[in-house]
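Novice: the following block contains a protein sequence and its predicted model.
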Amino acid sequence: MDYRERIERVLERALPPSDVGSSRLLEAMRYSALGGGKRLRPTLVYTAGVALGASLEALDDPAAAVELIHVYSLIHDDLPAMDDDDLRRGRPSCHKAFDEATAILAGDALQAVAFERLAGSQNQSPEEAVRRLTMVRLLAGGIGTTGMAAGQAIDLESVGRKLDLAALQRMHRLKTGALIETSVLLGAAAAGVLSGPKWDALKEFGAAIGLAFQIQDDILD
């Protein structure tokens with residue numbers, strides 16, 4: 001199964017139609033979300049979920065949600081107040097293609113769409129509601145003060161300072177690893193696995209993959 005091809009179609013459907021709200025905002029969202037990329041995080045959602053017996057349809061929303069969150073984080077990371085990058089995936093970053101204010105709003109809106117997709121519809125079974133709530137909590141934890149945002153804050157605070165190995169690993173586990181670990185656990189939650197040995201093993205696997213990914217990214221950079 002080509003998960004990258006599938007997530008492209010899912011993302012296309014997940015984004016708001018072009019005739020809703022500000023056309024410039026929607027254009028910026030689509031420019032960033034549909035601009036290619038490795039799609040590692042949704043692929044981890046699919047592979048973990050399928051391994052535990054989940055259907056692809058049950059995994060589409062969490063896969064889309066985690067990728068939209070990732071895209072929002074890239075938009076904000078590229079801003080002058082953060083990493084100040086002019087290019088993203090070989091073309092102008094969102095704030096260069098549009099403007100800084102639109103880029104901020106595009107990131108904010110993508111985060112909102114992510115949680116909207118993850119929450120699901122009002123007409124769902126109690127079991128599905130529990131799974132969805134677990135996934136919402138997982139994603140919120142992965143990007144907040146115990147996850148991605150904390151890692152980015154530590155990164156900014158560390159400019160000009162030399163970090164020891166433990167501090168560097170902590171920063172990487174939060175900034176990059178937390179969302180990758182969350183991706184794996186979202187697949188498990190969508191399959192109805194919310195605790196136990198399989199959950200613990202996937203959590204350890206996700207943390208290891210996240211750290212390895214950041215190490216490789218640093219070397220390539």
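Specialist: Received, thanks. Residues are numbered from 1 along each chain as shown.
Novice: can you name every helix or strand that the helix or strand of the chain with the lowest mean pLDDT contacts?
Specialist: Ranking every helix and strand in the chain by mean pLDDT, DSSP states H and E puts helix 165-172 at the bottom, with a mean of 81. Under the contact criterion of 3 or more C-beta pairs under 8 Å, 6 or more residues apart in numbering; DSSP states H and E, helix 165-172 touches helix 148-157, helix 197-220. Glycine gets a C-beta too; all of them are placed from N, C-alpha and C.
Novice: most neighbours per residue, which of the ones you listed?
Specialist: Each of these was scored by mean neighbour count; the highest is helix 148-157, a mean of 17, by mean count of other C-beta atoms under 10 Å.
Novice: still on that earlier bit, include mean pLDDT when you put the helices and strands packed on helix 165-172 into a markdown table, please.
Specialist: Shown next, in a markdown table, are those (pLDDT from 0 to 100):
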| stretch | mean pLDDT |
| --- | --- |
| helix 148-157 | 86 |
| helix 197-220 | 87 |
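Novice: CSV for those helices, including distance to T102?
Specialist: Compiled in CSV, the helices and strands packed on helix 165-172 are given as follows (distance: least, C-beta to C-beta, whole Å):
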stretch, distance to T102
helix 148-157, 21
helix 197-220, 27
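Novice: figure out which of the ones you listed is closest to D61.
Specialist: helix 197-220 (18.7 Å; C-beta to C-beta).
Novice: could you check the angle the closest one makes with helix 148-157?
Specialist: In terms of direction (axes from the mean of the first three to the mean of the last three C-alpha atoms, to 10 degrees), helix 197-220 departs from helix 148-157 by 30 degrees.
Novice: helix 197-220: how far from the chain's middle?
Specialist: 15 Å (C-alpha atoms, centre = their mean, to the nearest Å).
Novice: helices and strands around it, which ones?
Specialist: helix 40-51, helix 165-172, helix 178-190.
Novice: low-scoring stretches of this protein, by residue?
Specialist: 1, 220-221 (pLDDT under 70).
Novice: check contacts around R6.
Specialist: Each residue near R6 by C-beta atoms under 8 Å, 6 or more residues apart in numbering is listed here: Y46, L56, D60.
Novice: oh, that last question was meant for A188, not what I typed.
Specialist: Contact analysis of A188 by C-beta under 8 Å, 6+ apart lists A48, G49, L52, L194, K198, W199, L202.
Novice: winner for burial among the helices and strands packed on helix 197-220?
Specialist: helix 178-190 (a mean of 28).
Novice: tilt between that one and helix 40-51?
Specialist: If you take the same axes, to 10 degrees, helix 178-190 sits at 30 degrees to helix 40-51.
Novice: hmm, back to that, same list (the contacts of R6) but as JSON lines, adding distance to G142.
Specialist: As requested, the contacts of R6 are exported to JSON lines (distance: C-beta to C-beta, whole Å):
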{"residue": "Y46", "distance to G142": "17"}
{"residue": "L56", "distance to G142": "22"}
{"residue": "D60", "distance to G142": "19"}
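Novice: out of those, who's nearest L25?
Specialist: The shortest gap between L25 and any of those belongs to D60, at 24.0 Å (C-beta to C-beta).
Novice: surely A14 touches L118?
Specialist: No. Applying C-beta atoms under 8 Å as the test, A14 and L118 come out as separate, 10.4 Å apart.
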